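1. I would like the atomic coordinates for the input below:
(one chain, ligands or ions: 2)
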Amino acid sequence: MDKSKFSRPIDIGRVKVTDPFWHTVQETVRREVIPYQWEALNDRVPGAEPSFCMHNFRAAARLMERKSQPGFTEPAYTFRGFQTLPEDKNNPDPDKFYGFVFQDSDFYKWVEAAAYSLCNHPDPELEATVDGAIDVICAAQHESGYLDTYYILNGMDGSFTNLKDHHELYCLGHLVESAAAYYMATGKDRLLGAAKRYADYVGECFGPEEGKRKGYPGHEIAEMALFRLYEVTGEEKYLALGKFFLDQRGTEPNYFLEEERRCEGRHEPKGDTAPYAYYQAHKPVREQKEAVGHAVRAGYLYSGMADVARLTGDDSMLAACNRLWDNIVKKKLYITGGIGGTAVGEAFSYPYDLPNDTAYSESCAAISLAFFARRMLEISPVSQYADVMELAMYNTVLSGMALDGKSFFYVNPLEVDPAACKADTRLEHVEPVRQKWFGCACCPPNIARIVTSAAAYAFTEREDAVFTHLYMGSEITKNVGGAELRLTLESSIPWEGRAATTVHTDTPAMCTLAFRLPGWCRKPAVTGPDGMERSEKDGYIYFTGLWHDGDRVELNFPMDIRLNSADPRVREDLGRVAVTRGSVCYCLEQADNGENLHLLRVDPGAIDRAIVSDIEICGQKMCALELDGYRLELPDEGSPLYADYAPPRESPAKLKFIPYYAWANRGEGEMSVWVRV
Ligand code: FUB
Ligand code: ZN
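-> Ligands and ions are numbered 1, 2, ... in the order given. The predicted structure is shown next:
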């Protein structure tokens, strides 16, 4: 591994996103989503499913306070299952835990999003709300450092007895991520202190030393979070703990199997049975070749693996990451950048099984793929990683949220017929309209945290280099050898393919600016300042030299309308095309094309006549695509179900496509990404 090639995500405090596209989304999250989610976490959104998230922290804080009183006895562990709901949801017992076992994590994700937002938008009111909530979280922390309200309230003697399903280490991971983000944004370390105390407690309980548990998270994320904690604090013990979890995973004897045998009655299996591919615990991580199991878990695991490969120079770990990456992108990736073909276990399906209507494609899973891609980019700037990251971010991540930020998708299908969703229990996971909130609300705050930190996916840096992976209009400051550079990136992507970076500096500075050549562009044209050394590698163009004030790199990426076909092994897509332009995947909606979208067919011979037009949805301007095609004429109602074959009767039709991320913003209706050709 060539460490000199490594880059790190840019500190978002040094980036001001000016991009018309991303700025709009970030403002929606800042103005609408963050305040709304705080209300949701406090069960104050009328008509939305209650969260009980802050309720649980308050209950745990009260319990911790009572501990100091004479006669206090810790509750003995009572198994309460994976989700606990009050008998009367309007009247929950203030001292009981409710919701999913991982409910705490929703608060941490919200803090993380708030922290990234504060980096660029100081907001004393929001900061005071976060600080007040952090006080509650710290008061809820057990004296040992342990911090998971499910066990604090239901009995600590049960803690760490069901690692497989009960998410205590997952909550640690999200706590650490939020604490690191809040510390970075505000310099305040109270939450970081709580995170370190919990991580330290976990380090006392788990590890290779005799007497310590040999387990690992049932839902990964603690691994990458511990690596972040190591990088924030410089304390090696966190690197060692995260690495222990990775090294231990899937080894024999299988920890989860042993755990199940030890703890009868306390388990409510959520995934499959041994050998636990659902949890990616079926074999040691370095031996894994196929992306399997729960897709979010997998994406978080692979992200942690990529982190440790970078941090420790572990070639065998990197080789495993590369194999898993290849397996995903060649066999298990939706054209919308989503992953997870099956609702059974919210999981990857078998190779090439990418159904459109029963798709799972969870918003969190697309986010986990972006995490993995960004980490692979940090190790080697290869444009393929950024192409996939871009696909996930511009399509499935954004489709998870309504344009007004007021409702969300958990599942992101590529084909929807609302009538079928209501009538067919095989589609019971698919919602044709976004929901205000979910009992299991993992996705909405996850979307908020990736959107608010989007710049850290667009740009990575080394001491003397800045990489532009996504063309997100921004102003970046960068100190190179004492010179303060200001880089302004203007971009019309994703609607037009033009971008330009201009350097502003008082002192000429020696450095490299690298730009991704997007995989979707067939004929990129890039010009840079005279006299600059120019090279091209792995889909990036590099300009190295002495940069002066006003130096400019211009990038022109002609954007064709593309008709994409899938590998014929993807049975569902045979004879169909998906329409893309640049990074955006487009879809048909009933609002523009009437009902029975399956009767429509694109004429590929007419692609030269396709039109890019403007459309406004929910007050947001975007591009639509108009293609020539045909509509199959239906026989009269009551005709025989089967008849002798005859050539289909079709009439010409104009097919109007809108960006996939913007579907379901104009009421309920059919939608389809893949269309007959
Ligand atoms: O288990 C925690 C989160 O809830 C997962 O990441 C999601 O897939 C949902 O199951
Ligand atoms: Zn989710």
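
2. What residue in the stretch 1-150 of the chain comes nearest to ligand 2?
-> residue 109 (9.8 Å; C-beta to the ion). C-betas here are computed from N, CA, C, even on glycine.

3. What is the helix or strand containing that residue packed up against?
-> Using DSSP states H and E, residue 109 sits in helix 104-120. For helix 104-120, the packing partners by 3 or more C-beta pairs under 8 Å, 6 or more residues apart in numbering; DSSP states H and E come out as strand 15-17, helix 34-41, helix 53-66, helix 124-140, helix 168-186, helix 443-452.

4. That helix: how far from the chain's middle?
-> The gap between where helix 104-120 is centred and where its chain is centred comes out at 14 Å by C-alpha atoms, centre = their mean, to the nearest Å.

5. now the angle from it to helix 53-66?
-> Relative orientation of helix 104-120 and helix 53-66, computed by axes from the mean of the first three to the mean of the last three C-alpha atoms, to 10 degrees: 110 degrees.

6. next SSE after the lowest-mean-pLDDT helix or strand in the chain?
-> Among the helices and strands of the chain, helix 255-262 carries the lowest confidence by mean pLDDT, DSSP states H and E, at a mean of 90. With elements assigned by DSSP H and E, the helix or strand that comes after helix 255-262 is helix 295-312.

7. what about that next one and ligand 2, any contact?
-> No - on the criterion C-beta under 5 Å from the ion, helix 295-312 is out of touch with ligand 2, staying 6.3 Å away.

8. and the angle from that helix to helix 168-186?
-> Going by the same axes, to 10 degrees, helix 295-312 makes 60 degrees with helix 168-186.

9. can you list the residues of this structure near ligand 1?
-> Contacts of the chain with ligand 1, taken as C-beta under 6 Å from any ligand atom, map to 102, 219, 296, 346, 362, 364, 440, 442.

10. And the last one, its phi and psi?
-> Which is residue 442. Phi and psi for residue 442, reported as degrees, to the nearest 10, are phi -60, psi -40.

11. Who are the contact partners of the closest residue to it other than its chain neighbours?
-> The shortest distance from residue 442 to any non-neighbouring residue, by C-beta to C-beta, 6 or more residues apart in numbering, is to residue 364 (5.2 Å). Listed by C-beta atoms under 8 Å, 6 or more residues apart in numbering, the contact partners of residue 364 are 296, 442, 443, 446.

12. and what of residue 152?
-> For residue 152, the contact set (C-beta under 8 Å, 6+ apart) comprises 60, 63, 64, 140, 142, 146.

13. quick one on the thing from earlier: could you check how far the least confident helix or strand of the chain is from the centre of its chain?
-> 30 Å.

14. ok, and what's touching it?
-> 161-164, 214-216, 218, 248, 267, 269, 274-276, 279, 281.

15. hmm, back to that, what's the residue lying closest to the residue of the stretch 1-150 of the chain closest to ligand 2 once chain neighbours are set aside in contact with, if anything?
-> The shortest distance from residue 109 to any non-neighbouring residue, by C-beta to C-beta, 6+ apart, is to residue 445 (3.5 Å). Neighbouring residues of residue 445 by C-beta under 8 Å, 6+ apart: 37, 106, 109, 110, 112, 113.

16. Adding neighbour count, write those residues out as JSON lines.
-> Shown next, in JSON lines, are those (neighbours: other C-beta atoms under 10 Å):
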{"residue": "37", "neighbour count": "27"}
{"residue": "106", "neighbour count": "27"}
{"residue": "109", "neighbour count": "26"}
{"residue": "110", "neighbour count": "28"}
{"residue": "112", "neighbour count": "26"}
{"residue": "113", "neighbour count": "27"}
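
17. can you list those in TSV and add pLDDT?
-> Converted to TSV, the contacts of residue 445 look like this (pLDDT from 0 to 100):
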residue	pLDDT
37	96
106	97
109	98
110	98
112	98
113	98
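
18. And those, which is closest to residue 483?
-> Ranked by distance to residue 483 (C-beta to C-beta), those are led by residue 112 at 32.7 Å.

19. what helix or strand does residue 471 sit in?
-> Counting by DSSP H and E, residue 471 is found in no helix or strand.

20. residues in contact with it?
-> Counting by C-beta under 8 Å, 6+ apart, residue 471 touches 458, 489, 491, 493, 499, 555.

21. switch to 10 Å and redo it
-> Listed by C-beta atoms under 10 Å, 6 or more residues apart in numbering, the contact partners of residue 471 are 19, 21-22, 390, 458, 489-494, 497-501, 515-516, 518, 555, 557, 582-583.

22. Can you tell me which of the residues you listed end up in strands?
-> Of the positions in the contacts of residue 471, 489, 490, 491, 498, 499, 500, 501, 515, 516, 555 sit in strands, assigned by DSSP state E.

23. Next up, phi/psi of residue 603, please.
-> When quoted as degrees, to the nearest 10, the phi and psi of residue 603 stand at phi -100, psi 110.

24. Just give the number of residues close to it.
-> By other C-beta atoms under 10 Å, 17 other residues sit near residue 603.

25. tell me the contacts of it?
-> Residues in contact with residue 603 (C-beta under 10 Å, 6+ apart) are 609, 610, 627, 628, 629, 630, 650, 652, 653, 655, 677.

26. For residue 111, which non-adjacent residue is closest in space?
-> Closest to residue 111 by C-beta to C-beta, 6+ apart is residue 178, at 4.1 Å.

27. let me fix that: residue 116
-> Nearest to residue 116 is residue 452, by C-beta to C-beta, 6+ apart, at 3.7 Å.

28. what's the burial count for the one you found?
-> Neighbour count for residue 452, taken as other C-beta under 10 Å: 29.

29. ok, it touching residue 31?
-> No - counting by C-beta atoms under 10 Å, residue 452 does not reach residue 31; the two are 11.9 Å apart.

30. Find the residues that touch each one of the two.
-> Joint contacts of residue 452 and residue 31 (C-beta under 10 Å, 6+ apart) are 117, 121.

31. contacting residues for the residue of the stretch 1-150 of the chain closest to ligand 2?
-> Going by C-beta under 10 Å, 6+ apart, residue 109 touches 37, 41, 174, 177-178, 181, 364, 441-450.

32. Residue 350 too?
-> Contacts for residue 350 (C-beta under 10 Å, 6+ apart) come out as 290, 292, 331, 332, 341, 342.

33. Give the burial count for the residue nearest to the fifth one when sequence neighbours are not counted, as a bare number.
-> If I follow you right, that is residue 341. Residue nearest to residue 341 in three dimensions, not counting chain neighbours: residue 349, with 3.5 Å by C-beta to C-beta, 6+ apart. Close neighbours of residue 349, defined as other C-beta under 10 Å, add up to 21.

34. Need phi/psi at residue 349.
-> Taking degrees, to the nearest 10, you get phi -100, psi -170 for the backbone angles of residue 349.

35. Now residue 624: which helix or strand?
-> Assigning secondary structure by DSSP H and E places residue 624 in strand 620-632.

36. do residue 387 as well
-> Assigned by DSSP H and E, residue 387 falls within helix 383-391.
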